[in-house]
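Trainee: Dropping a prediction and its sequence here:
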Amino acid sequence: MSSDLAAKSWADKLPTKVTRLVHGLAIASLISQIGIIVTGGAVRLTKSGLGCSQWPNCVPGSMTPVPEMGIHGLIEFGNRLLTFVLLVIAIAFLVSIWNMRKSHTTLYKLGLVLLIGIPGQGVIGGITVLTSLNPWVVSLHFLLSASLVALATILVNRTRRELKHDEAPATSKAIAQVGTLVLLLASIAIIMGTIVTGTGPHAGDADAPRHMFDPRIVTPLHTGPVYLLILATIAFMVLAYRTTGNPKLRTAGWWMVVAILIQGAIGYIQHLNGLPVALVLLHMLGASMLMVAATNVWDRASLMPKSVRVEQD
């Protein structure tokens with residue numbers, strides 16, 4: 001009886017509506033998901049991919065690196081520890097919306113999937129180590145992280161909308177379709193980018209396997225979807241400016257333009273300069289921001305008025 005009262009008392013202290021804390025935790029989730037992509041890139045670019053040669057242990061008989069592993073062991077182990085930061089944030093978010101799990105099912109489901117995805121990152125990361133940094137597994141690891149970035153972006157949008165009591169007007173079918181196309185093409189460009197990366201020199205370890213593809217063939221397979229993405233973004237902007245009463249569509253479109261320009265510039269500069277480590281790392285950050293921008297475009301374009309969402313829920 002006393003335990004039931006304690007549990008009830010604990011739950012009574014939790015928010016019953018989206019607060020700044022809830023929105024802040026959603027932002028923290030997005031930042032941390034982007035952060036672990038960047039730190040994972042740093043592991044690979046510093047040739048620390050096998051700094052911990054085992055999983056879940058770092059080395060045989062030890063969860064932590066030993067002096068013999070040197071700086072590479074510390075870098076890889078530090079990246080593994082960041083997983084626990086992501087877990088704490090994800091759990092804190094779910095706790096913060098516990099009293100809203102029935103009234104705000106979308107937020108609850110997004111938070112739950114993000115939480116489940118984090119151990120998934122760890123497991124695939126472990127398989128990456130156990131397969132000696134197989135490039136296909138490395139790509140899968142990155143793509144799962146990119147997917148979680150997309151979900152975290154939606155979470156930030158939805159919590160902000162609830163916090164600000166924002167009811168954006170419904171968009172047209174054409175804008176919704178083009179918004180979906182933007183996200184699809186951005187995803188394809190990122191997927192093909194992982195294959196180009198797996199063909200390139202930065203394997204994460206001197207003895208790690210690489211794709212045996214011809215870079216002259218796989219690189220156009222990556223840049224092709226980017227050119228189509230540019231055209232889709234232009235089409236989106238044209239439609240957004242022809243639609244009255246929804247400036248958020250235009251803002252989302254401009255963020256997409258900025259992301260494409262920056263990511264494209266970094267991509268070409270790194271290609272022409274022999275893939276320097278610093279630019280490759282910036283390109284990985286740019287890929288994350290491109291996913292954020294594309295997801296935001298899709299989310300804004302497909303957004304329905306709150307009254308419609310409530311009816312469907």
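Mentor: Structure received.

Trainee: any idea where the helices of this protein begin and end?
Mentor: Shown for the chain, the helices assigned by DSSP state H span residues 2-12, 20-45, 70-96, 105-130, 135-164, 173-199, 215-242, 247-272, 277-301, 306-312.

Trainee: For residue 53, find the nearest of the ones you listed.
Mentor: helix 105-130 (7.2 Å; C-beta to C-beta). Bear in mind the C-beta positions are built from the backbone N, C-alpha and C, glycine included.

Trainee: same for the closest one, what does it pack against?
Mentor: helix 20-45, helix 70-96, helix 135-164 (3 or more C-beta pairs under 8 Å, 6 or more residues apart in numbering; DSSP states H and E).

Trainee: Adding mean neighbour count and distance to residue 51 as columns, could you present the helices of the chain in TSV?
Mentor: Listed next are those as TSV, based on neighbours: other C-beta atoms under 10 Å; distance: least, C-beta to C-beta, whole Å:
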stretch	mean neighbour count	distance to residue 51
helix 2-12	9	41
helix 20-45	20	7
helix 70-96	18	3
helix 105-130	18	9
helix 135-164	21	15
helix 173-199	21	19
helix 215-242	17	27
helix 247-272	18	24
helix 277-301	22	16
helix 306-312	10	46
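
Trainee: Compare those and report which one is nearest to residue 64.
Mentor: Judging those by C-beta to C-beta, what sits closest to residue 64 is helix 70-96, at 6.4 Å.

Trainee: what's the spacing between the closest one and its chain's center?
Mentor: Centroid separation between helix 70-96 and its chain, computed with C-alpha atoms, centre = their mean, to the nearest Å, is 15 Å.

Trainee: Can you tell me how far the closest residue to residue 271 other than its chain neighbours is from residue 268?
Mentor: Distances taken as C-beta to C-beta, 6 or more residues apart in numbering place residue 219 nearest to residue 271, at 7.6 Å, with adjacent residues excluded. Relative to residue 268, residue 219 is positioned 11 Å away (C-beta to C-beta, to the nearest Å).

Trainee: got it, and residue 204?
Mentor: From residue 204 over to residue 268 (counting by C-beta to C-beta), the distance is 24 Å.

Trainee: re earlier: relative to residue 267, how far out is the residue nearest to residue 271?
Mentor: Where residue 267 is concerned, residue 219 sits at a distance of 10 Å (C-beta to C-beta).

Trainee: got it, and residue 198?
Mentor: From residue 198 to residue 267 the distance is 16 Å (C-beta to C-beta).

Trainee: Over to residue 258?
Mentor: Residue 258 is 15 Å from residue 267, by C-beta to C-beta.

Trainee: Can you verify my assumption that residue 163 contacts residue 19?
Mentor: Yes. Assessed by C-beta atoms under 8 Å, residue 163 is found in contact with residue 19 at 7.2 Å.

Trainee: what do the two both touch?
Mentor: Counting by C-beta atoms under 8 Å, 6 or more residues apart in numbering, residue 163 and residue 19 have no common neighbour.

Trainee: where in the stretch 151-300 of the chain is pLDDT low?
Mentor: Counting by pLDDT under 70, the ranges of the stretch 151-300 of the chain that qualify are 167-170, 244-245.

Trainee: cutoff 90 now
Mentor: By pLDDT under 90, the low-scoring segments of the stretch 151-300 of the chain are 162-174, 197-221, 223, 240-249, 268, 270-275, 277.

Trainee: how close does residue 119 get to residue 283?
Mentor: When C-beta to C-beta is the yardstick, residue 119 and residue 283 sit 28 Å from each other.

Trainee: I meant to write residue 74 there.
Mentor: For residue 74 relative to residue 283 (C-beta to C-beta), the value is 24 Å.

Trainee: How about residue 32?
Mentor: 20 Å.

Trainee: Touching stretch 174-190 from outside, list them.
Mentor: So stretch 174-190 is in contact with 143, 146, 150, 171, 222, 225-226, 228-229, 232-233, 235-236, 239-240, 243, 249, 256, 287, 290-291, 293-295, 297-298, 300-302, going by C-beta under 8 Å, 6+ apart.

Trainee: how about 6 Å then?
Mentor: Stretch 174-190 is contacted by residues 146, 225-226, 228-229, 232-233, 235-236, 239, 287, 290, 294, 297-298, 301-302 when judged by C-beta atoms under 6 Å, 6 or more residues apart in numbering.

Trainee: Output that stretch in PDB, but only the C-alpha positions, please.
Mentor: What follows is stretch 174-190, C-alpha atoms only, in PDB (Å, rounded to 0.1, in the frame of the first residue of the first chain):
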ATOM      1  CA  ALA A 174       1.800  18.900 -53.700                       C
ATOM      2  CA  ILE A 175       4.000  20.400 -51.000                       C
ATOM      3  CA  ALA A 176       3.600  17.200 -48.900                       C
ATOM      4  CA  GLN A 177       4.700  15.100 -51.800                       C
ATOM      5  CA  VAL A 178       7.700  17.300 -52.600                       C
ATOM      6  CA  GLY A 179       8.600  17.400 -48.900                       C
ATOM      7  CA  THR A 180       8.600  13.600 -48.900                       C
ATOM      8  CA  LEU A 181      10.800  13.500 -52.000                       C
ATOM      9  CA  VAL A 182      13.300  15.900 -50.400                       C
ATOM     10  CA  LEU A 183      13.700  13.500 -47.400                       C
ATOM     11  CA  LEU A 184      13.900  10.500 -49.700                       C
ATOM     12  CA  LEU A 185      16.600  12.000 -51.900                       C
ATOM     13  CA  ALA A 186      18.600  13.200 -48.900                       C
ATOM     14  CA  SER A 187      18.400   9.700 -47.400                       C
ATOM     15  CA  ILE A 188      19.600   8.100 -50.700                       C
ATOM     16  CA  ALA A 189      22.400  10.600 -50.900                       C
ATOM     17  CA  ILE A 190      23.500   9.800 -47.400                       C
END
